[in-house]
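> return atomic coordinates for the entry below.
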Amino acid sequence: MSTSELLPAPLSETAARHYVESLLEWNRQDMLAQLARSQARPIRSVALVGVGTMGAAIAAAHVRSGFRLVLSDSDHQALDSAPERIAAELRLLETPSENTRRPSPDENTFKPAPGILEATMDDRRLAECDLVLESIVDVLDARMTSSGRSGSRRA
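Next up is the predicted model:
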């Protein structure tokens, strides 16, 4: 028996379209059923890999929303200065005018509530968070290193 004898006859375009639509509907129904059975997990802690310019802004938005943040960066200087830069971003968020100058990090030094910000080079701390975000240079090698480090869910 040849291989061609084992294969089904080709479908007409209409039959193929109907088959694909049926599969899509089945998958949609299955996903809805899975969602109905699942329960959302609350996000209480967020790990942020990369606290440069964009990372500081992302961190400020999360601090403002009340999330506990674990910050990580391969640049020790960026990691050490992150709280001050996050404070500057928070002040900018609270400034009503769009044309206001960007505050310097040393103005009204930011004192986060205890436990809100944690700067670390320990990758195990990232994996313990409910959500891991990355704000790093868009270079494949850097992203591969980041995803391998956290061992957690990526967004």
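
> name the residues that touch the one helix or strand L24 maps to?
Element membership of L24 [criterion: DSSP states H and E] is helix 13-37. The contact list for helix 13-37 (Cβ atoms under 8 Å, 6 or more residues apart in numbering) reads L11. Just so you know, the C-beta spots here come from the backbone N, C-alpha and C atoms, and that holds for glycine as well.

> list the contacts of G115.
By Cβ under 8 Å, 6+ apart, the contact set of G115 is R68.

> picking that back up, what's the first helix or strand after the helix holding L24?
Tracing the chain past helix 13-37, the next element assigned as helix or strand by DSSP H and E is strand 45-49.

> domains of this protein: list them as residue ranges, please.
12-41, 45-150 (automatic domain parsing).

> count the residues that sit near the residue nearest to L90 when sequence neighbours are not counted.
Excluding its sequence neighbours, the residue lying closest to L90 (Cβ to Cβ, 6 or more residues apart in numbering) is A60, at 4.8 Å. For A60, the count of nearby residues is 21 (other Cβ atoms under 10 Å).
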